[in-house]
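Novice: quick one, fold the following:
(chains A and B)
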Amino acid sequence: MSDDSDTPDSRRERLRAWLSQARFVAEEFYSARYRGAIARARRDEDDLFMLLVFSEMMGVPNPAAYYTLELQPLLLERFHDWHRRMGMERSPLDHFRCC
Amino acid sequence: MSAIVLLVLGLAGMAAGYFLYSRFIATRIYRLDPDFQTPAHEYEDGVDFVPTNRYVLWGHHFTSVAGAAPIVGPAIAVIWGWLPAFLWVVLGTVFFAGVHDSGAIWASVRNKAKSVGALTGDVVGARARSIFMIVIFLVLLMVNAVFAVVIAGLMMNFSSAVVPVWGAILVALIIGQLIYRRILSLPVVSILGVIALYALILVGPSVPIQMPAEVAGFSGNAVWILILFGYAAIASMLPVWVLLQPRDYINGLQLFIGLIVLYGAVLLLNPTVVAPMVNGELPAGTPSMLPLLFVTIACGAISGFHGLVSSGTTSKQLNKETDARFVGYFGAVGEGMLALAAILAATAGFATFADWQAVYTAFGAGGVNAFVEGGAFIIHNGLGLPEATAATLLTVMAALFAGTTMDTGLRLQRYIFQEWGEIYQLKWMNRNVPATLLAVGSCLLLAFGAGGASGTGGMIIWPLFGTTNQLLAGLTLLVVTVMLVRLRRPMWYTLAPLCFLLVMTIAALLIQLRTFFNEGNYFLLLVDIVVLIAAILVAMECASALKRSRAEVARQE
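Specialist: Residues are numbered from 1 along each chain as shown, chains lettered A, B, ... in the order given. Here you go, the predicted structure:
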């Protein structure tokens, strides 16, 4: 007697489901404990960025200027990606050359 | 005595504890409710509060609480014979640790996932909270100093493990980048990482690295301790995803593989336990088993450190309240299994009783080396793995555990200094580098202040670590008991372990006080007095908090 659950297709399907479950568990095991710490670090960076952007927009002397220095390596990479995406081979700013 | 019998009895005891006793505790005492909205759902923010699959959470909880201590403690305590250590590990796991760990999760979940420190302040009082801060600082200080000595000892005694232990850091750094930059998927990286780690273990014995006996006036051991603190200071300042996260992950995988290998080898080989049931020929200077047994084996039976993890991170991620039984109680059972493996390795891993006696020549002489040597003997004879490779495997397992605990411990100590900097408005102390230097400095002071030029101060204070850690467990049990009294539920299931722990801890501290005084060891005498005062204050807080709560309940009735 043939059973639906035993066809090669359904077996493959079950195996795939099992593998995706295993992958989910492994990924969670990797990230769950540090999710908070990494999310906090990212949030701190975003907060600083927000302060920078807003003060520039409103013409307020930027209190974060000093701290943005430590963001420079990160910004440099992003800035480079940005000008490439915008179709510019080289940095368009004379005083900010990234490549 | 066959090791399989011991293994089966131990596992059966813990299984019965999980299936029967924990069910009773969860349903009748804590009354875990599947419909209760846990803080993970109530405050879900994707940062700290995230409902997590219970198997994943168990994995985290277990690997966070399992450090080198469940290996070191039992491997030292078998000097009194295998029976006392075995009984304390099994009964301690079932009646103490499981109740304590799941209770800490329950108490925290019912109080907005607050940490046990904050809970102590809320439930018991501000004084108890101050004691808590002192005790936690001392525990961290001791953990860092002790684990540096343990790893340095392993590096000196098993030179074949130097390459894999330091290579594992490189593997973690690389897999961290591979995962973070999404170059490869996690399952592929995991398989490659484990293969790389085991390749290093295979290579290790052919490239042993031996530290010279003396470098610039320091012994080889002391040089390793200095290197380890330097490493831990740097590691604790790196972003967590760079090293700590991938390292913990690969470590977790290694733990599961290591346990399976060791238990599998015991089942295949069925070695004989050569150590005596109760050792009648104790080496000179060995302290009395009662009460020292109960503080020498802390992790693996009951440990206050678990309460910090349970209420610190686990409770914020609990999906359903009923999961507290699986995550907390079964997490304790996982650690009990690790301690059982350590007992088996340190008692059945020797060919004859004389061999065993040659290792256990003094109190503290066995320890992690006995675990490595004994375990390697069992794996070699059971699975046919070369003895040097098996020893390297177990050394790497123990050293990696101690190493990740050191990273985290130093990081936590830095936070404490930064917090003090904030409280007392010392801006310089708020910064990462000075706070880390203060944390490392205090550990070095302990390592070299108490231990002299050898830097082994950590090991001398090992029994003090046990007592301090048990005090922490006592504070957590106190919080849970007071909560139970206020809810008018039976309190004996947490009060009895609490009383037992306090009596044993205070007795152990008094015995050690006399020893340190007789030896003229004034540094340890001072630490002992601080811990003793904390213990007495905890006992008094217990009495007054319980009296207050009972009076309150009586008034309401």
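
Novice: show me what the one helix or strand in chain B whose mean pLDDT sits lowest packs onto, helices and strands only.
Specialist: Between all helices and strands in chain B, the lowest mean by mean pLDDT, DSSP states H and E belongs to helix B:457-460, at a mean of 74. If contacts are counted by 3 or more C-beta pairs under 8 Å, 6 or more residues apart in numbering or on different chains; DSSP states H and E, helix B:457-460 sits against helix B:126-157, helix B:432-451. For glycine as for every other residue, the C-beta is placed from the backbone atoms N, C-alpha and C.

Novice: got the CA coordinates for it in CSV?
Specialist: Output of helix B:457-460 as CSV, limited to C-alpha atoms (Å, rounded to 0.1, in the frame of the first residue of the first chain):
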residue,chain,number,x,y,z
GLY,B,457,46.7,33.7,43.8
GLY,B,458,43.5,32.7,41.9
MET,B,459,43.9,29.0,42.8
ILE,B,460,44.6,29.7,46.5
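
Novice: need the contact partners of it.
Specialist: Residues outside helix B:457-460 that contact it (C-beta atoms under 8 Å, 6 or more residues apart in numbering or on different chains) are B:142, B:144-150, B:364, B:446-451, B:521, B:524.

Novice: straight-line length of stretch B:178-186, end to end?
Specialist: End-to-end span of stretch B:178-186 (C-alpha to C-alpha, to the nearest Å): 9 Å.

Novice: buried set for that stretch?
Specialist: B:178, B:179, B:186 (16 or more other C-beta atoms under 10 Å in any protein chain shown).

Novice: tell me who's in contact with the last one.
Specialist: Listed by C-beta under 8 Å, 6+ apart, the contact set of residue B:186 reads A:23, A:26, A:27, A:30, B:179.

Novice: now do the second one
Specialist: Residues counted as contacts of residue B:179 (C-beta under 8 Å, 6+ apart) are A:30, B:186, B:189, B:246.

Novice: now that we have the residues you listed, which one has the most neighbours?
Specialist: Highest neighbour count within the contacts of residue B:179, by other C-beta atoms under 10 Å in any protein chain shown: residue B:246, with 27 neighbours.

Novice: tabulate the helices and strands packed on helix B:457-460 in TSV, adding columns for mean neighbour count, distance to residue A:61 and mean pLDDT.
Specialist: Below are those laid out as TSV (neighbours: other C-beta atoms under 10 Å in any protein chain shown; distance: least, C-beta to C-beta, whole Å; pLDDT from 0 to 100):
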stretch	mean neighbour count	distance to residue A:61	mean pLDDT
helix B:126-157	23	40	84
helix B:432-451	19	27	87
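
Novice: looking at those, which is nearest to chain A?
Specialist: Minimum separation from chain A across the helices and strands packed on helix B:457-460 (C-beta to the nearest C-beta) falls at helix B:432-451, 11.6 Å.

Novice: just the C-alphas of that closest one, formatted as PDB.
Specialist: Output of helix B:432-451 as PDB, limited to C-alpha atoms (Å, rounded to 0.1, in the frame of the first residue of the first chain):
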ATOM      1  CA  ASN B 432      36.700  52.000  28.400                       C
ATOM      2  CA  VAL B 433      40.500  51.900  28.700                       C
ATOM      3  CA  PRO B 434      40.900  53.100  32.300                       C
ATOM      4  CA  ALA B 435      38.000  51.000  33.500                       C
ATOM      5  CA  THR B 436      39.500  47.900  31.700                       C
ATOM      6  CA  LEU B 437      42.900  48.700  33.200                       C
ATOM      7  CA  LEU B 438      41.300  48.900  36.700                       C
ATOM      8  CA  ALA B 439      39.500  45.600  36.100                       C
ATOM      9  CA  VAL B 440      42.700  43.900  34.900                       C
ATOM     10  CA  GLY B 441      44.700  45.600  37.700                       C
ATOM     11  CA  SER B 442      42.500  44.300  40.400                       C
ATOM     12  CA  CYS B 443      42.700  40.800  39.000                       C
ATOM     13  CA  LEU B 444      46.500  41.000  38.800                       C
ATOM     14  CA  LEU B 445      46.600  42.300  42.300                       C
ATOM     15  CA  LEU B 446      44.800  39.200  43.400                       C
ATOM     16  CA  ALA B 447      46.800  36.800  41.200                       C
ATOM     17  CA  PHE B 448      50.200  38.100  42.200                       C
ATOM     18  CA  GLY B 449      49.300  39.700  45.600                       C
ATOM     19  CA  ALA B 450      48.000  36.500  47.100                       C
ATOM     20  CA  GLY B 451      50.000  34.000  45.000                       C
END
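
Novice: how many other residues sit next to residue 93?
Specialist: Going with chain A. Neighbours around residue A:93, by other C-beta under 10 Å: 10.

Novice: you answered for a different chain; I wanted chain B.
Specialist: Other residues close to residue B:93 by other C-beta under 10 Å number 29.

Novice: please apply the same query to the one 3 residues further on.
Specialist: Residues near residue B:96, counting by other C-beta under 10 Å, number 25.

Novice: so what's it closest to, chain neighbours aside?
Specialist: Nearest residue to residue B:96, sequence neighbours excluded (C-beta to C-beta, 6 or more residues apart in numbering or on different chains): residue B:302, at 3.9 Å.

Novice: helix/strand/coil for the one you found?
Specialist: coil (DSSP: H, G, I helix; E, B strand; the rest coil).

Novice: can you check residue B:292 too?
Specialist: Residue B:292 is classified as helix under three-state DSSP.

Novice: wait, doesn't it sit right on residue B:467?
Specialist: No: between residue B:292 and residue B:467 there is no contact under C-beta atoms under 8 Å: 9.6 Å.

Novice: shared neighbours, these two?
Specialist: residue B:508.

Novice: which of those two has more residues huddled nearby?
Specialist: Ranked by neighbour count (other C-beta under 10 Å), residue B:292 and residue B:467 place residue B:467 first, with 31 against 23.

Novice: hang on, that one packs against residue B:511?
Specialist: No: when contacts are counted by C-beta under 8 Å, residue B:467 is not listed as touching residue B:511 (10.3 Å).

Novice: distance of residue B:263 relative to residue B:92?
Specialist: According to C-beta to C-beta, to the nearest Å, residue B:263 stands 20 Å off from residue B:92.

Novice: higher neighbour count, these two?
Specialist: Relative neighbour count places residue B:92 above the other of residue B:263 and residue B:92, with 25 against 18, counting by other C-beta under 10 Å.

Novice: now that one, nearest residue through space, not along the chain?
Specialist: Of all residues not flanking residue B:92 in the chain, residue B:301 sits nearest, at 2.8 Å (C-beta to C-beta, 6+ apart).
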